[in-house]
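In: A predicted structure for the sequence below; I have some questions about it.
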Amino acid sequence: QNPNSQFINVDTENEIAFGCENLGLSREEIKRRVMGVSELLGINHLLDKSIFSLSGGEKQIIAIASIYAMGVDVFLMDEPSANLDEKSTKQLEHVINILKENGKTIIVAEHRLHYLRDLADRLIILDKGEIVHQIHGETIKNLTTKELHDKGLRAMVLEKRMPYGTTASANTSILVENLDIGYKNHPPVIEDFYECFASSMINGIVGHNGRGKTTFAKCLCGMLNESSGTISINGKPYARKKRLGKIYMVLQNTTSQLFADSVIGELALAKRTSKEDCGYNHDQVLEMLDLLHLKERHPMSLSGGEKQRLAIAVGIVQNAEAMVLDEPTSGLDYSNMLMVKKILKMLKDKGKYVIIITHDHEFLTTVCDRVIEL
């Protein structure tokens with residue numbers, strides 16, 4: 001799901017070669033395999049590059065290439081599309097098709113199904129560790145969205161509608177004016193950015209991997225400093241440090257923002273740092289997000305989707321004026337996606353600012369009132 005967690009080297013060519021080296025293959029054979037898989041997957045242009053300079057989709061393909069080079073016949077993929085934009089997901093679909101054409105067995109554990117519609121030969125549906133349905137061949141393509149939703153699954157065909165173009169009023173909003181954001185010794189990531197985010201709308205931000213969406217969100221929350229420009233909330237400008245706590249961010253990798261030794265402990269920690277009461281007790285917040293039965297569990301023992309929901313619960317308890325969520329449906333099935341939708345609409349109805357950064361087209365068209373493309 002997160003290819004960074006399985007990389008050993010800092011450059012692509014050595015990463016692809018690493019597994020072969022562990023098999024004790026000769027230098028000549030390793031070189032032949034690295035060049036062969038690079039040619040097969042069309043990634044010659046990625047050789048001899050820093051792992052850290054790659055997009056999410058490119059990292060996924062390097063991870064796949066490193067396994068293919070070892071000569072294995074079975075590929076198990078854990079939510080490979082979780083953090084990929086539309087272009088990268090298409091690239092992933094193409095690579096999986098190449099593996100299939102080369103006789104490989106591919107098992108994909110996934111919630112987002114649209115890119116697998118023309119690839120999957122068998123759909124196995126699990127519930128509580130048991131197989132409850134198996135669907136084969138052309139029947140998969142003929143499943144209606146309602147049939148999939150009834151089974152708790154995401155859609156296979158995505159809606160084309162996207163709520164672009166809606167404008168927000170500057171009166172009651174987070175107003176971003178002439179914003180520049182950059183990193184030292186690098187060109188600016190965001191330049192002369194102007195936008196209003198209204199509390200009466202759920203705002204979506206989209207754009208290809210590497211376009212600055214997360215950088216912008218971190219600046220908005222006060223985690224990064226702007227080079228120039230102003231950020232105002234309800235007409236009042238806030239410097240970076242003053243924005244900390246006013247705007248809460250659910251990170252893409254929620255593991256890095258969970259600190260306590262229990263789920264309930266996370267909420268207790270959030271309560272101590274909040275300035276106002278959110279209006280709910282801890283059990284009520286956990287029940288909203290289907291986490292009450294996990295209240296004594298260690299946060300690091302939770303699944304990716306459960307960690308996402310716990311981070312949202314922390315934001316609710318902190319009672320910040322705005323919540324920015326970076327890929328909040330990564331790792332979520334259809335029912336949990338609807339749960340997050342319900343919570344975000346509740347926050348909107350309470351007058352909170354809600355800003356979502358995501359590549360999840362299905363979620364965007366379900367929950368967002370307006371979408372901004374970077």
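Out: Yes, it's here.
In: what about Lys100, which SS state?
Out: The three-state assignment at Lys100 reads helix, by DSSP: H, G, I helix; E, B strand; the rest coil.
In: which secondary structure element contains the residue nearest to it when sequence neighbours are not counted?
Out: Counting by C-beta to C-beta, 6 or more residues apart in numbering, Ile106 is the residue found nearest to Lys100 once chain neighbours are left out, at 6.1 Å. No exception for glycine: its C-beta is placed from N, CA and C like everyone else's. With elements delineated by DSSP states H and E, Ile106 resides in strand 105-109, which encompasses its position.
In: so what strands line up beside that strand?
Out: Within its sheet, strand 105-109 is paired with strand 74-78 (parallel), according to DSSP bridges.
In: which elements pack onto the helix or strand that contains Gly265?
Out: Per DSSP H and E, Gly265 falls inside helix 263-273. For helix 263-273, the elements it packs on are helix 282-288, helix 304-318, judged by 3 or more C-beta pairs under 8 Å, 6 or more residues apart in numbering; DSSP states H and E.
In: wait, which of these is closest to Glu147?
Out: Ranking these by proximity to Glu147 (C-beta to C-beta) places helix 304-318 first, at 22.8 Å.
In: starting at the chain centroid, how far to that closest one?
Out: From the chain centre to the centre of helix 304-318 is a distance of 14 Å (C-alpha atoms, centre = their mean, to the nearest Å).
In: now find how far off-centre the helix or strand just after that helix is within its chain.
Out: Past helix 304-318, further along toward the C-terminus, the next helix or strand under DSSP H and E is strand 322-326. From the chain centre to the centre of strand 322-326 is a distance of 13 Å (C-alpha atoms, centre = their mean).
In: got a list of contacts for strand 322-326?
Out: With contacts defined as C-beta atoms under 8 Å, 6 or more residues apart in numbering, strand 322-326 is touched by 174, 197, 213-214, 217, 220-221, 233, 246-252, 312, 315, 344, 347, 352-358.
In: what about those residues, which are in strands?
Out: Ile174, Phe197, Ile233, Ile247, Tyr248, Met249, Val250, Tyr353, Val354, Ile355, Ile356, Ile357 (DSSP state E).
In: which of these lies closest to Val34?
Out: Taking those together and measuring to Val34 by C-beta to C-beta, the closest member is Ile357, at 34.8 Å.
In: bridging residues for that closest one?
Out: On the basis of DSSP bridges, Ile357 is bridged to Ile205, Asp326.
In: can you tell me how far it sits from Leu158?
Out: 18 Å (C-beta to C-beta, to the nearest Å).
In: more neighbours: which of the two?
Out: Using other C-beta atoms under 10 Å, the more surrounded residue of Ile357 and Leu158 is Ile357, with 23 against 19.
In: can you pull the contacts of that one?
Out: By C-beta under 8 Å, 6+ apart, Ile357 lies in contact with Gly204, Ile205, Val206, Lys213, Thr214, Ala217, Val324, Leu325, Asp326, Glu327.
In: ok, Gly212 - contacts?
Out: Counting by C-beta under 8 Å, 6+ apart, the residues that Gly212 touches are Ile181, Val189, Ile190, Leu374.
In: tell me which two of those sit farthest apart.
Out: The most distant members of those, if one measures by C-beta to C-beta, are Ile181 and Leu374, lying 11.5 Å apart.
In: quick one: common contacting residues for those two?
Out: If you check Ile181 and Leu374 against C-beta under 8 Å, 6+ apart, the residues they both contact are Ile190, Gly212, Phe216.
In: that's all I had, so thanks and see you.
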